[in-house]
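[1] need a 3D model of the sequence below.
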Amino acid sequence: MKNLLNFFIEIGKLKRMPRRGWVINQIKNPESIAEHIFRTVLMSWILGEKKEGLNVEKLLKMAIIHDLCEIHAGDTTPYDSVLPGSKKKLKELMKTWPRFPNYQKKEQAFKKYKKETEALEKLILRLPTDLKKEIKNLWLDYEKGLTSEGRFFHQADRMENFLQAYEYWEKHKNPPLGPWWLWAREFFDDPLLLEFMEVLEKKFHQKKIPKKLKPTLVLLNFFTEIGKLKGKERRGWIAHQIKNPESTAEHIFRMGILAWILGRKKKRFNLERVIKMALVHDLCEVYAPDLTPYDPLLPKNKKKIMEVLKKWPKFTAALKKKKYRDKFKSESSALDKLTSKLPKDSKAEIKNLWLDFEKGLTREGRFVHQIDKVENLLQGLEYWKKYGKIQHKLWMRWIKEWIDDPVLIEFIRVIDKQFHQKEGKT
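    Prediction:
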């Protein structure tokens, strides 16, 4: 468990790592690697289910781990070897797509592959042998396109990149999209993803979307809406006055990995369902407010807020029920609005997963609901270690009262021991 905890702490660093391609394009407050992974996983799930013969559980896992190596390898771009020193020249360079001789392309690809392989092996070194092997094989499949899942996801990952570029262009008129269109026409060959390109191109040129592409437009709009969670800072951390707190998308990213890997320790668990549930549990926050247990008590004065946060909020049973009913109604309506135009099967699956998470209708639902609390605790303790503003002992008492799953009880003990030891050294 200690090695798993250290792994989860390491991957949490991706929440704070901006994607380098957007940095060199001088995009203000660009997405993090964790935020990119968040939407890529959801896209691979929804699109993967429209492709016959694909193993969706494998796609989900591949998407979750595909960029973990960047914790140690960093995030590379096609422009890295030709980056100029001045911002003016850099801006001009971004209007072109870099072209290299074949030998140079192969050399760059080999260096990148070698660097990322070593980085991934370093990251997973102390994980259990079977998990280490699974993660490495999933990553190799993504890199080499060894199976139909690997080949499809390699393109789905790039489609998320392209969609993000398009969204930034709509907002900032940057990055220049000319080079992206050239690249996309050379890269994509999957029929489903080519339809996405066609819809985006028609939107870009403000042309009418033909009827046959309307289902693709519906999915594109859904992916655009959930992309809003990338920049949505979590209100609990704002109340704690945490500087540049995680977004909802970043919380979902690590929660998905926690759910998968700790769920492996549960007998006869449906891991595909577990991962999907982690992904959908906060999608309602695209429209619904991100509520905290303290909301009715929080004053406007920042100094007084910190005083309120020193105690766990207590309410009457009647008020607790009302708070829950109001929250459930608000979030259920928001999720219905978000999924209203999706195909019936996708809409029903997302709603049923969310209801299971909220109501604990299955073993998986009760487990993932507790995983959500565990990820919150882990993030809170990391913020406490960095900023000292979190009432960590209060949180530890609360989590021990709340968690009853044996696997998670053991994990909480390891968290408590590790952070308590670190506290003693400070």
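[2] can you give me the helices for the stretch 301-426 of the chain?
    In order along the chain, the stretch 301-426 of the chain carries the following helices (DSSP state H, counting those that start in this stretch): 302-308, 317-339, 344-359, 363-387, 392-402, 406-425.
[3] out of these, which gets nearest to residue 55?
    Taking Cβ to Cβ, helix 344-359 is the member of those nearest to residue 55, at 16.6 Å. Yep, even glycine has a C-beta here, placed from its N, CA and C like the rest.
[4] which residues does the closest one contact?
    Counting by Cβ atoms under 8 Å, 6 or more residues apart in numbering, the neighbours of helix 344-359 from elsewhere in the structure are 46, 49, 273, 276-277, 280-281, 283-284, 328, 331-332, 335-336, 339-340, 342, 361-362, 364-365, 368-369, 372.
[5] which among those residues end up buried?
    Buried residues within the contacts of helix 344-359, counting neighbours by 16 or more other Cβ atoms under 10 Å: 46, 273, 276-277, 280-281, 283-284, 331-332, 335, 339, 342, 362, 364-365, 368-369, 372.
[6] circling back to that earlier point, what's the most buried one of the helices of the stretch 301-426 of the chain?
    Comparing those on average neighbours per residue, with mean count of other Cβ atoms under 10 Å, the densest one is helix 363-387 at a mean of 20.
[7] so it versus helix 392-402, what angle?
    Comparing the axes of helix 363-387 and helix 392-402 via axes from the mean of the first three to the mean of the last three Cα atoms, to 10 degrees yields an angle of 170 degrees.
[8] centre of the chain to helix 363-387, how far?
    Taking Cα atoms, centre = their mean, to the nearest Å, one finds the center of helix 363-387 at 15 Å from the center of the full chain.
[9] state the mean pLDDT of it.
    Per-region confidence: helix 363-387 scores 96 on mean pLDDT.
[10] that one packs against which elements?
    On a contact count with 3 or more Cβ pairs under 8 Å, 6 or more residues apart in numbering; DSSP states H and E, helix 363-387 meets helix 2-11, helix 235-239, helix 248-263, helix 271-280, helix 344-359, helix 392-402, helix 406-425.
[11] what's near enough to touch the residue nearest to residue 49 when sequence neighbours are not counted?
    In space, and not counting its chain neighbours, residue 49 is closest to residue 56: 5.9 Å by Cβ to Cβ, 6 or more residues apart in numbering. Contact criterion Cβ under 8 Å, 6+ apart gives 45, 48, 49, 272 as the residues in contact with residue 56.
[12] same thing but 10 Å
    Going by Cβ atoms under 10 Å, 6 or more residues apart in numbering, residue 56 touches 44, 45, 46, 48, 49, 149, 272, 275, 276.
[13] okay but the fifth one is in contact with residue 59, surely?
    Yes - with contacts defined as Cβ atoms under 10 Å, residue 49 counts as touching residue 59 at a distance of 9.0 Å.
[14] for residue 315, what are its contacts?
    293, 296, 297, 321, 322, 323.
[15] and those, which two are the farthest apart?
    By the measure Cβ to Cβ, 297 and 321 form the most distant pair in the contacts of residue 315, at 17.4 Å.
[16] residue 48 - how many residues pack around it?
    The number of residues packed near residue 48 is 22, by other Cβ atoms under 10 Å.
[17] chain neighbours aside, what residue packs nearest to it?
    For residue 48, ignoring the flanking residues on the chain, the nearest one in space by Cβ to Cβ, 6+ apart is residue 59 at 4.4 Å.
[18] and the one you found, what element?
    Residue 59 belongs to helix 56-65 when assigned by DSSP states H and E.
[19] got the buried residues for stretch 58-75?
    58-73, 75.
[20] flag every buried residue along the helix or strand hosting residue 47.
    In this assignment (DSSP H and E), residue 47 forms part of helix 33-48. Of all the residues in helix 33-48, those buried under the rule 16+ other Cβ under 10 Å are 33-48.
[21] closest one of these to residue 96?
    Closest approach between these and residue 96, by Cβ to Cβ: residue 36, at 23.4 Å.
[22] show me the domain layout of this structure.
    Domain assignment for the chain by automatic domain parsing gives 1-231, 234-243+254-426.
[23] circling back: relative to helix 248-263, how tilted is the helix holding residue 47?
    Using the same axes, to 10 degrees, helix 33-48 lies at 70 degrees relative to helix 248-263.
[24] ok now stretch 299-306, how far from the chain's centre?
    For stretch 299-306, the distance to the chain centre is 31 Å (Cα atoms, centre = their mean).
[25] then stretch 339-346?
    With Cα atoms, centre = their mean, you get 21 Å for stretch 339-346.
[26] pLDDT on that stretch, on average?
    Per-residue pLDDT over stretch 339-346 has a mean of 96.
[27] ends of that stretch, how far apart?
    End-to-end distance of stretch 339-346 (Cα to Cα, to the nearest Å): 8 Å.
[28] now stretch 275-286
    Taking Cα to Cα as the measure, stretch 275-286 stretches 19 Å from start to finish.
[29] centre of the chain versus it, how much separation?
    For stretch 275-286, the distance to the chain centre is 10 Å (Cα atoms, centre = their mean).
[30] start at 276, not 1
    Yep, numbering from 276; the last one is stretch 550-561 now.
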